[in-house]
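> Please work out how this folds:
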Amino acid sequence: MLFLGFSSGLPLALTAGTLQAWLTVAGVDTKTIGVFALTGLPYTVKFLWAPLMDRYALPLLGRRRGWMLLTQLGLLASIAAMASLSPSENIGLLGALALLVAFLSASQDIAFDAYRADVLRPAERGFGAAVSVTGYRVAMLASGALALVLSDQIGWRATYIVMGMTMTLGIAATLVSPEPGFSGREPLSLARAIRDPLVEFWSRSGAWSLLALIVLYKLGDAFSASLSSTFLLRGLGFSATDVGVVNKGMGLFALLTGAIVGGAMMVRLGLYRSLFLFGILQAVTNLGFFLLALSEQHYLGMVVAIGLENLAGGMGTAAFVALLMALCDHRYTATQFALLSALASIGRVLVGPVAGYWVTEVGWAMFFFTSLIAAFPGLWLLWQLRTALTRLDEPR
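This next block holds a predicted model:
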């Protein structure tokens, strides 16, 4: 899970922030750089081709690992191909390759998410999710911050070659990973691979409530995080260095620690109790920012607030990913996980514009108090669904 998570997270920055930096240094005009943001589109719509990966199994390594290996080999080759180009001379071809990398990366995510949900037993889901999230975040650091540092030392082309070669970690992990031990059979046709996952999910009791829970569970956390950097910089007057070191550096460490601790706790607590406990912690730790907003600039207070908020957020993330895995039928894991994860992102996307208007109207203190209130509907739904969620810990 650690190395497969690393392989999943590595390509993202190479078609986003790191590529943007390369284009900027190469003197590409700002309008063209803005157009390159469209290379992130495959991550948003990856559920459109997920049924193909449920329906068809490649000849080698089974239905999940076969697709993982194919996409990883494609990523190694296409990232290396990007390294062979010059932005000033081949901007169109570089853009096409960046889009290809994003497509292959999103496809790898589909296959890996499905494999993780299929291979992990109920008691392993929380810790497996935590470990894979850790690998994913470390990879984003490697292809983001580390790649920028390397570019100053060895140049952009060599940096992209190095990044491409690190995909061999994922390839090796795919080759040695075990096959899932379930007996789920692939859909009999592509039409059924598209239709049956939806029919199966909607046939469940409380399907609407489950979908609402997916949208609402992390809503309070997303509401608070949407303007946290702006609050620290503009609201409290901290320097960009302070915010970078504490919010992005120490905060990431706290997030990963929370994910690992939360995943370990889930082995004993189970899915429902973990979701409820971690959900309460996510809500309560938002009060740290509320208290900061009521006081003057306080460096230690910022450290404590960010540390606790990210620690609880990491625990909640481990439980939430485990929930998505538990909700998938093994016959349609790729499609259902892709759809459920896309649904989960709705809250994060929509709170941004609302948050900006709301903080202007009510101020920072009431804004963060609102983020606490925003967590209550998800907790209430959890309580209502406690029987159904407890059953998800039973092997299927």
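
> hang on, residue 386 packs against residue 272?
Yes. Assessed by Cβ atoms under 8 Å, residue 386 is found in contact with residue 272 at 5.4 Å. Glycine gets a C-beta too; all of them are placed from N, C-alpha and C.

> Looking at the two now, which is surrounded by more residues?
For residue 386 versus residue 272, neighbours defined as other Cβ atoms under 10 Å are more numerous around residue 272 (21 against 14).

> any low-confidence regions in the protein?
Applying pLDDT under 70 to the chain flags residues 181-184, 348-349, 352-353, 394-396.

> and it, what are its domains?
As given by automatic domain parsing, the domain ranges for the chain are 2-181, 191-391.

> List the contacts of residue 328.
For residue 328, the contact set (Cβ atoms under 8 Å, 6 or more residues apart in numbering) comprises 114, 117, 336-337, 340.

> count of neighbours near residue 139?
Counted with other Cβ under 10 Å, residue 139 comes out at 25.

> which stretch of helix or strand covers it?
Using DSSP states H and E, residue 139 maps to helix 125-141.

> leaving aside the residues next to it on the chain, what's closest to residue 224?
Closest residue to residue 224 in three dimensions, ignoring its sequence neighbours and counting by Cβ to Cβ, 6 or more residues apart in numbering: residue 371, at 3.9 Å.

> before we move on, the earlier item: may I see the contacts of residue 328 arranged in a markdown table, with neighbour count and distance to residue 312 as well?
Shown next, in a markdown table, are these (neighbours: other Cβ atoms under 10 Å; distance: Cβ to Cβ, whole Å):
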| residue | neighbour count | distance to residue 312 |
| --- | --- | --- |
| 114 | 28 | 28 |
| 117 | 27 | 24 |
| 336 | 26 | 27 |
| 337 | 26 | 24 |
| 340 | 20 | 22 |
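
> for residue 58, phi and psi?
Dihedral pair for residue 58: phi -80, psi 160, per degrees, to the nearest 10.

> Quick one: residues contacting it.
Applying Cβ under 8 Å, 6+ apart, the residues near residue 58 are 66-67, 69-70.

> By neighbours, which of the residues you listed wins?
Ranking the contacts of residue 58 using other Cβ under 10 Å puts residue 67 first, with 26 neighbours.

> How about that one, nearest residue that isn't a chain neighbour?
residue 111 is the one closest to residue 67 (Cβ to Cβ, 6+ apart), at 3.9 Å.

> So that neighbour versus residue 253, what's the distance?
From residue 111 over to residue 253 the distance is 29 Å, taken as Cβ to Cβ, to the nearest Å.

> Same question for residue 150.
Taking Cβ to Cβ, one finds residue 150 at 22 Å from residue 253.

> and what of residue 314?
Distance from residue 314 to residue 253, counting by Cβ to Cβ: 10 Å.

> Those two: which has the busier surroundings?
Taking residue 314 and residue 253 together and counting by other Cβ under 10 Å, residue 314 has the greater number of neighbours (29 against 14).

> To which secondary structure element is the more buried one assigned?
Assessed by DSSP H and E, residue 314 sits inside helix 299-326.

> neighbours of residue 121, just the number please.
For residue 121, the neighbour count with other Cβ under 10 Å is 11.

> For it, give me phi and psi.
phi -80, psi 160.

> Dump the contacts of residue 328 into CSV; add secondary structure as well.
Shown next, in CSV, are those (DSSP: H, G, I helix; E, B strand; the rest coil):
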residue, secondary structure
114, helix
117, helix
336, helix
337, helix
340, helix
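
> Closest one of those residues to residue 365?
Closest to residue 365 out of those is residue 340 (34.6 Å), distances taken as Cβ to Cβ.

> my guess is that closest one meets residue 321, correct?
No. Counting by Cβ under 8 Å, residue 340 sits too far from residue 321 to count as a contact (10.4 Å).

> Relative to residue 125, how far out is residue 321?
8 Å.

> Repeat that for residue 179.
Using Cβ to Cβ, we find residue 179 at a distance of 18 Å from residue 125.

> phi, psi of the closest residue to residue 44 other than its chain neighbours?
The shortest distance from residue 44 to any non-neighbouring residue, by Cβ to Cβ, 6+ apart, is to residue 342 (7.4 Å). Reported as degrees, to the nearest 10, the phi and psi values for residue 342 are phi -70, psi -40.
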